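K.L.:
pasted the sequence and its predicted model underneath.
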Amino acid sequence: MKISVIITLKKDVLDPQGKVIQQTLDGMGFNDINEVRQGKYFEIDTKENDPKKAKDKVEEMCKKLLANLVIENYKIIEV
Amino acid sequence: MKSSVITFPGSNCDRDMDVALKQFGFKNKMVWHNDAEIPKSDLVVLPGGFSYGDYLRCGSMASKSKIMNSVINFAKSGGLVMGICNGFQILVETGLVPGVLLRNKYLEFICKNVFVKINDKKNTYFKNINKDIVEFHIAHNEGNYFCTKDQIKEIEDNHQIAINYCNKDGIIEDQFNPNGSIKNIAGIFNKEKNVLGMMPHPERMIDSSLSGEDGSLFFKNLINNLK
């Protein structure tokens, strides 16, 4: 089964790239943006077909490698 | 004194470190990331570079390398482990030192000499060094030290800040902060101070004809402290 993971920066962490993207969008005429935060997206295709087990495994992957919990949050989504 | 420098795929300061360590009397061995055990060492160095192409987060892949189990055990048993630049990024990813290194505040790769002030001399790395402000070289894209408010309090309470970016007179201010690091932090220790992570490269300052010699001072002092 396929599981996707979205990694986002925590609220207090500075995101200079997001800020530059926002400024560029603003320059292009998208003037009503409050904030842009850049993150990461993963699609994991696993042999595990039990949704609960698969999610637990992916959660372990997030904690051990995919996210750095000092600065990032993760969200696991079944596809 | 015996030292080991770990080479990861993408390390590029490993040979410079080898040259520096040997120049000041270390018997150094190069160790491949896929080896299981580090040789008997008084000092283990994680060198600078771009291990695993900086994929995912700088240092994150290297921190899970086979050799790192042995390095982590060595550090936890009190062995000296020093991470320079990418080595520092690897150290934070292992959790041996607190915090993380974010993208530089102004999104620029920085390559220049900087002054740093030695904040703590009650440790093997800086004990007896006869200068408070040294000139080292930095070259990084992700050197913006960050940690949570609780962590920074703990780090300060335990005197874990090793060096801060400053000017030549030792003044630590925002304008002398190249990358946006919290409190101008350029390097920090673990609680026990046997593990040191720092962005500056002392190994690039060991030749009077090419650079300053504050790196020489650092390595000479380090090997004397180990004897």
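P.N.:
That came in fine, so what should we check first?
K.L.:
which positions in chain A make contact with chain B?
P.N.:
A:Asp12, A:Val13, A:Leu14, A:Pro16, A:Gln17, A:Val20, A:Lys64, A:Leu65, A:Leu66, A:Asn68, A:Val70, A:Ile71 (Cβ under 8 Å from any Cβ of the partner chain). Bear in mind the C-beta positions are built from the backbone N, C-alpha and C, glycine included.
K.L.:
can I get the buried part of those residues as one ChimeraX selection?
P.N.:
Here is the ChimeraX command that selects the buried residues among these (16 or more other Cβ atoms under 10 Å in any protein chain shown):
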select /A:16,66,68,70,71
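K.L.:
what two of the residues of chain A next to chain B have the greatest distance between them?
P.N.:
A:Val20 and A:Lys64 (30.7 Å; Cβ to Cβ).
K.L.:
just the pLDDT at the most far-flung residue of chain A relative to its centre, thanks.
P.N.:
Computed with Cα atoms, centre = their mean, the maximum C-alpha offset from the centroid of chain A is found at A:Gly29, amounting to 26.4 Å. What the model reports for A:Gly29 is a pLDDT of 96.
K.L.:
same deal with A:Val79?
P.N.:
73.
K.L.:
quick one: it and A:Met61, what's the gap?
P.N.:
Separation of A:Val79 from A:Met61 (Cβ to Cβ, to the nearest Å) stands at 16 Å.
K.L.:
okay, those two: which has more neighbours?
P.N.:
Remark: of A:Val79 and A:Met61, A:Met61 carries more neighbours, 18 against 9, as counted by other Cβ atoms under 10 Å in any protein chain shown.
K.L.:
can you list the helices and strands that the host helix or strand of B:Ile72 packs against?
P.N.:
Element membership of B:Ile72, judged by DSSP states H and E, is helix B:66-76. Contact partners of helix B:66-76 among helices and strands, from 3 or more Cβ pairs under 8 Å, 6 or more residues apart in numbering or on different chains; DSSP states H and E: strand B:43-46, strand B:80-84, helix B:86-94.
K.L.:
from the chain's centroid, how far away is that helix?
P.N.:
16 Å (Cα atoms, centre = their mean, to the nearest Å).
K.L.:
try stretch A:61-75
P.N.:
9 Å.
K.L.:
now do stretch B:129-143
P.N.:
10 Å.
K.L.:
same deal with stretch B:210-227?
P.N.:
With Cα atoms, centre = their mean, you get 14 Å for stretch B:210-227.
K.L.:
residues in contact with the closest residue to B:Ser60 other than its chain neighbours?
P.N.:
Distances taken as Cβ to Cβ, 6 or more residues apart in numbering or on different chains put B:Glu93 closest to B:Ser60, at 4.9 Å, once the chain neighbours are dropped. For B:Glu93, the contacting residues are A:Asn68, B:Arg57, B:Gly59, B:Ser60, B:Ala62, B:Ser63, by Cβ atoms under 8 Å, 6 or more residues apart in numbering or on different chains.
K.L.:
B:Leu21 now?
P.N.:
With Cβ under 8 Å, 6+ apart, B:Leu21 has these contacts: B:Ser3, B:Val5, B:Asn28, B:Leu43, B:Val45, B:Phe219.
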